[in-house]
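S.K.: need a structure here:
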Amino acid sequence: NVPHTLTLPGLLREVMGIRIEEYEALLEDAPVRCAKALGGKTVPVRCLADWIILEQASVLARYAEPHLRDYAAVTAHRFGRGRAYYVGTCFAKDDTVRLLVKRVLDDAGVERPVAIPDGVDSSLRAKGPERFLFLLNHNDDAVKVDLGRLPSCRELLTRKKAPRRFALPGGDVAILKWTV
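M.R.: Numbering: from 1, shown residues only. Now for the predicted structure:
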């Protein structure tokens with residue numbers, strides 16, 4: 001670590017629209033109240049709590065613990081042509097993380113042509129008009145994949161036309177190809 005005189009988040013303060021007064025380790029899970037965009041519920045967080053003070057950002061989640069109530073836990077700030085998000089804690093449950101990622105992707109206008117099941121990595125590549133979707137199932141069990149709005153695809157490993165819905169076995173890979 002290099003010591004400096006800048007208040008956290010340092011050089012990103014203007015981009016994030018916040019400053020961090022202090023931070024602390026959380027020895028036990030603490031409650032955070034989420035805005036409607038993150039489900040509108042009180043959810044547990046753990047490990048750390050940045051004491052976020054708003055400068056221009058808006059709150060997506062705020063600590064509910066009595067000594068932390070004045071501080072935000074998650075913020076969003078419009079900056080330039082985009083939006084910067086700051087997460088100052090660790091969510092204890094994946095559901096809240098999924099909602100946050102969905103919000104970030106929606107705000108950025110990222111199109112998701114296929115709903116990716118939990119535990120599956122996906123990567124979309126393009127070469128000219130050709131599109132390639134790589135799917136890797138990290139689960140022990142098979143997952144159901146629904147190709148949703150994708151046009152007709154070929155599965156390159158089997159060299160067969162991909163069905164609209166198929167099971168991807170645990171630990172397996174699928175590579176789908178289509179043309180736009």
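S.K.: Poorly predicted segments of this structure, please.
M.R.: Applying pLDDT under 70 to the chain flags the ranges 1.
S.K.: Which positions in the lengthiest helix in it come out as buried?
M.R.: Using DSSP state H to define each element, the chain has its longest helix at helix 94-107. For helix 94-107, a neighbour-count test (16 or more other C-beta atoms under 10 Å) marks Thr96, Leu99, Leu100, Arg103 as buried. Heads up, the C-betas are built off the backbone N, CA and C, glycines and all.
S.K.: And those, which is closest to Leu12?
M.R.: Ranked by distance to Leu12 (C-beta to C-beta), the buried residues of helix 94-107 are led by Leu100 at 18.3 Å.
S.K.: Apart from its neighbours in sequence, what residue is nearest the closest one?
M.R.: Leu38 (6.0 Å; C-beta to C-beta, 6 or more residues apart in numbering).
S.K.: Was I right to think the one you found contacts Lys102?
M.R.: No - the criterion here is C-beta atoms under 8 Å, and Leu38 misses it with Lys102 at 9.4 Å.
S.K.: For Leu6, give its distance to Leu68.
M.R.: Going from Leu6 to Leu68 by C-beta to C-beta, to the nearest Å gives 23 Å.
S.K.: ok, the two, which is more surrounded?
M.R.: Using other C-beta atoms under 10 Å as the criterion, Leu6 and Leu68 rank with Leu68 on top: 22 against 10.
S.K.: The strand ranked longest in the chain packs against which elements?
M.R.: If you go by DSSP state E, the chain has its longest strand at strand 18-34. Strand 18-34 sits against strand 42-54, strand 58-63, strand 72-79, strand 89-91, with contacts defined as 3 or more C-beta pairs under 8 Å, 6 or more residues apart in numbering; DSSP states H and E.
S.K.: Dump these into TSV; add distance to Arg159 and mean neighbour count as well.
M.R.: Output for the helices and strands packed on strand 18-34, formatted as TSV (distance: least, C-beta to C-beta, whole Å; neighbours: other C-beta atoms under 10 Å):
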stretch	distance to Arg159	mean neighbour count
strand 42-54	45	19
strand 58-63	46	20
strand 72-79	45	22
strand 89-91	42	20
